[in-house]
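Peer 1: Here you go, sequence then predicted model.
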Amino acid sequence: MPTSTSARLAGQFALVTGASSGIGAAVAVALGAHGAAVAVNYGHDADGANATVKTITDAGGTAFAVQADVSKEDQVQAMFQQAIERLGGLHIVVSNAGIQVDAALVDMTLEQWQKVIDVNLTGQFLCVREAARTFIKRGMQPDVSKALGKIICMSSVHEVIPWAGHVNYATSKGGIMQLMKSSAQELAPHKIRVNSIGPGAIKTHINTAAWDTPEAEASLLKLIPYARVGEPDDIGQLAAWLASDEADYITGQTIFMDGGMTLYPGFAAGG
């Protein structure tokens with residue numbers, strides 16, 4: 001993971017949900033490396049969150065861990081309040097926390113459906129709403145950022161690619177697309193930018209079986225025209241740029257970082 005890159009986010013305060021491992025941890029570390037002070041949210045894995053904090057602080061950055069279940073309104077509000085009190089405010093919110101609970105459609109229980117929707121979609125709504133309220137209450141700080149605030153939703157290629165056996169997950173990501181776009185439309189007059197990142201196959205613990213053997217990786221690469229599996233830091237660096245003034249004219253967009261997975265490689269030889 002990076003130790004020092006630039007100061008494009010210097011003087012800014014960020015909150016990253018689900019940052020105890022994987023993509024969330026990489027995003028938190030990247031924001032810290034680019035100069036932001038970071039509140040590192042976790043749901044259950046305190047050790048993982050503390051490891052993320054240590055990576056940031058060992059590199060000279062500022063970070064602390066904060067626990068909250070993003071599907072619970074009172075916990076989200078308390079998390080934001082703690083982040084504001086500890087950091088002094090917020091300029092960037094990355095709503096990353098997400099889970100998978102997989103089952104075939106005919107076998108999926110209501111509990112399995114609801115658990116994924118609660119975390120992946122309702123959790124994003126609660127964080128986006130609280131971020132917008134926080135930014136509007138604080139007001140502009142033009143010496144810090146051109147925007148009043150920056151919100152990044154973590155989506156997936158599965159906001160556009162159907163995924164049999166994962167209807168709850170795919171539905172949650174499709175919902176994030178419209179949550180992000182509708183929020184961006186509503187919040188743009190306030191100078192709040194709302195965007196999503198849509199990762200493809202990224203090497204995280206949630207999908208280890210898909211890439212941790214040569215055979216599995218070869219099979220996965222059939223879906224990736226660029227012929228490599230992504231790394232969490234790929235997403236982290238994109239998030240840092242998207243939160244910066246360099247991306248100030250971007251809002252309401254999903255940026256897919258997927259090695260071309262959304263190019264539907266099965267059609268490369270005709271259809």
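Peer 2: Noted; the coordinates are in hand.
Peer 1: which secondary element of the chain has the worst mean pLDDT?
Peer 2: Least confident helix or strand of the chain, by mean pLDDT, DSSP states H and E, is helix 214-221 with a mean of 90.
Peer 1: Tell me the pLDDT of the residue lying closest to residue 226 once chain neighbours are set aside.
Peer 2: Closest residue to residue 226 apart from its sequence neighbours, by Cβ to Cβ, 6 or more residues apart in numbering: residue 259 at 3.5 Å. Using the backbone N, CA and C atoms, a C-beta is placed for each residue, glycine as well. Note on residue 259: pLDDT of 98.
Peer 1: so residue 259 sits right up against residue 201, yeah?
Peer 2: Yes. Using Cβ atoms under 8 Å, residue 259 makes contact with residue 201 at a distance of 7.4 Å.
Peer 1: so what sits against both of the two?
Peer 2: Common neighbours of residue 259 and residue 201, counting by Cβ atoms under 8 Å, 6 or more residues apart in numbering, are 224, 229-230.
Peer 1: what's in contact with the least confident helix or strand of the chain?
Peer 2: By Cβ under 8 Å, 6+ apart, helix 214-221 touches 201, 209-211, 227-229.
Peer 1: Sort the residues you listed by pLDDT and name the bottom one.
Peer 2: Within those, pLDDT is lowest for residue 211, at 67.
Peer 1: Look through the protein and tell me its longest helix.
Peer 2: helix 167-187 (DSSP state H).
Peer 1: buried sites along the least confident helix or strand of the chain?
Peer 2: 217, 220-221 (16 or more other Cβ atoms under 10 Å).
Peer 1: can you map out the helices along the stretch 101-250 of the chain?
Peer 2: 110-117, 123-138, 167-187, 214-221, 232-242 (DSSP state H, counting those that start in this stretch).
Peer 1: on that earlier part again, of the contacts of helix 214-221, closest to residue 154?
Peer 2: Distances from residue 154 to these, taken as Cβ to Cβ, are shortest for residue 201 (14.7 Å).
Peer 1: Now do the contacts for the nearest residue to that closest one once chain neighbours are set aside.
Peer 2: Leaving out its chain neighbours, the residue that sits closest to residue 201 by Cβ to Cβ, 6+ apart is residue 229, at 5.1 Å. Applying Cβ under 8 Å, 6+ apart, we find residue 229 in contact with 201-203, 211, 217, 220-221, 259.
Peer 1: can you list those residues in a markdown table and add distance to residue 57?
Peer 2: What follows is the contacts of residue 229, written out as a markdown table (distance: Cβ to Cβ, whole Å):
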| residue | distance to residue 57 |
| --- | --- |
| 201 | 31 |
| 202 | 25 |
| 203 | 25 |
| 211 | 30 |
| 217 | 34 |
| 220 | 35 |
| 221 | 37 |
| 259 | 32 |
